[in-house]
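>>> sequence plus the predicted model coming up.
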Amino acid sequence: MVNPTRNTGRPLNPKDRVTKKDLSKGQQPMIHRRVKIKHVLIVLTLIAIGAGIFFMLFQNEEKRVKKQFHLLSEAVSKETGENIFTLNQKIKKIGSLFNETCDLHIPAHSISGQMTREEITGYAARGRIHFRELHLKFHDFNITFPKEGEAKARLTARLTGNTATGEAINEAHEIECLLGKIEKKWMFDRIEVVEVLKK
Amino acid sequence: MALNRRVFQFFFPSLTPAFMIRVGCIALATYLIFGHLLTPFQIKGSSMEPTYQNGEVNFCWKLRYLFSKPKRGDVVVIRFTGQRITLLKRVIALENEEIEFRHGKLLINGKEQDEPYLQGSYDWTLPARRVEPDSVYVVGDNRKGPMQNHIFGQTSLTRILGGPLW
């Protein structure tokens, strides 16, 4: 029997001791198994917590691009009984997310071509009137950076809610967007709805 | 007393290395099976009624078309950008086939098709069109209401994730 020399501050369990039999199998001497596993688990937990905090706090470019979509989703979404103040704030917000001009291609709504920021906000304001409740969510982001100051995002947009006449809306579209970086802020340059099912 | 200890042990097991390895293996197997092979999904909408009802839960079997292509009549799961949002539709025409709807009848290469999965009649008319190579033509089983309100059409085979498990 080889007794561990390390003082752990509590009586040792005979099962945890490294025996001569273990030594012949290549077992490390002088190391208390339980202590070793405990330390490894503590280190792994600390690494996991550290990595989690790092990824949560570190704002990389991909996160900044995603944030623009999150802001667009918030601005487009509408709750029942939305007041005029909230409406104005949201419309302003939509305008601030787009570049001076933006290429829009939405065949389902017969929109194709370049629109100015004002035209987009006007269109958004008119469009929102037709809905009593509207929720826009983005999923499955695939973001690439083809060149400096340009981001290409492919994602799925899901629109749910109710029209003013009470008709339920549940639509999903694949979208391809091009964003440009202007004064450290990502702005929408192009939005195109990809045709998944071609009639 | 022994039973109580066993029950306690079941709900609050000792965090031994063997237990941790078992938990790790189960977590890995669950991730692989339900994340990549049999992904669960919930049906939202009535486009596949009466075959699949709104709110039903099913699993997408990803290996369904690993060695074969979808056949006419198969129900397939179609992806958008990723796998979070998908469409559930029935394949009605295969590549290079000509598809047409004429007054509520489906015609493939000019021949009227029997569709036992449909409930009730519909009145769609869509001029003939040929399905492109490496694509299939899909449509829902619920064809009530005007054709313009329905999502259907030709899609690439690469967009097909698999088929529902049942």
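It's in. Residues are numbered from 1 along each chain as shown, chains lettered A, B, ... in the order given.

>>> only C-alpha atoms for contact and neighbour calcs from this point on.
Will do.

>>> contacting residues for the closest residue to chain B within chain A?
Residue of chain A nearest chain B, by CA to the nearest CA: A:Lys199 (4.2 Å). Taking CA atoms under 8 Å, 6 or more residues apart in numbering or on different chains, we find A:Lys199 in contact with B:Phe152, B:Gly153, B:Gln154.

>>> so for the one residue in chain B that gets nearest to chain A, what's the pLDDT?
Proximity of chain B to chain A (CA to the nearest CA) peaks at B:Gly153, 4.2 Å away. pLDDT recorded at B:Gly153 is 95.

>>> would you map out the domains in chain A?
A:14-57, A:61-194 (automatic domain parsing).

>>> quick one: secondary structure of A:Phe145?
strand (DSSP: H, G, I helix; E, B strand; the rest coil).

>>> my error: substitute A:Asp103 in the last question.
strand.

>>> correct me, but it touches A:Arg117?
No. With contacts defined as CA atoms under 8 Å, A:Asp103 does not count as touching A:Arg117, sitting 10.6 Å away.

>>> can you pull out the strands in chain A?
Taking DSSP state E to define them, one finds strands in chain A at A:98-106, A:111-116, A:131-147, A:150-163, A:168-182, A:185-194.

>>> now do the contacts for residue 71.
Reading this off chain A. With CA under 8 Å, 6+ apart, A:Leu71 has these contacts: A:Lys93.

>>> if you could check chain B rather than the one you did, that'd help
B:Lys71 neighbours (CA under 8 Å, 6+ apart): B:Val91, B:Leu94.

>>> and the residue nearest to A:Ala124 when sequence neighbours are not counted, how far is that from A:Ser73?
Distance criterion CA to CA, 6 or more residues apart in numbering or on different chains; nearest residue to A:Ala124, sequence neighbours excluded, is A:Ile91 at 7.1 Å. According to CA to CA, to the nearest Å, A:Ile91 and A:Ser73 sit 12 Å apart.

>>> equivalent analysis for B:Lys62, please.
On the measure of CA to CA, B:Lys62 and A:Ser73 end up 31 Å apart.

>>> ditto for B:Ile26
With CA to CA as the criterion, B:Ile26 and A:Ser73 are 37 Å apart.
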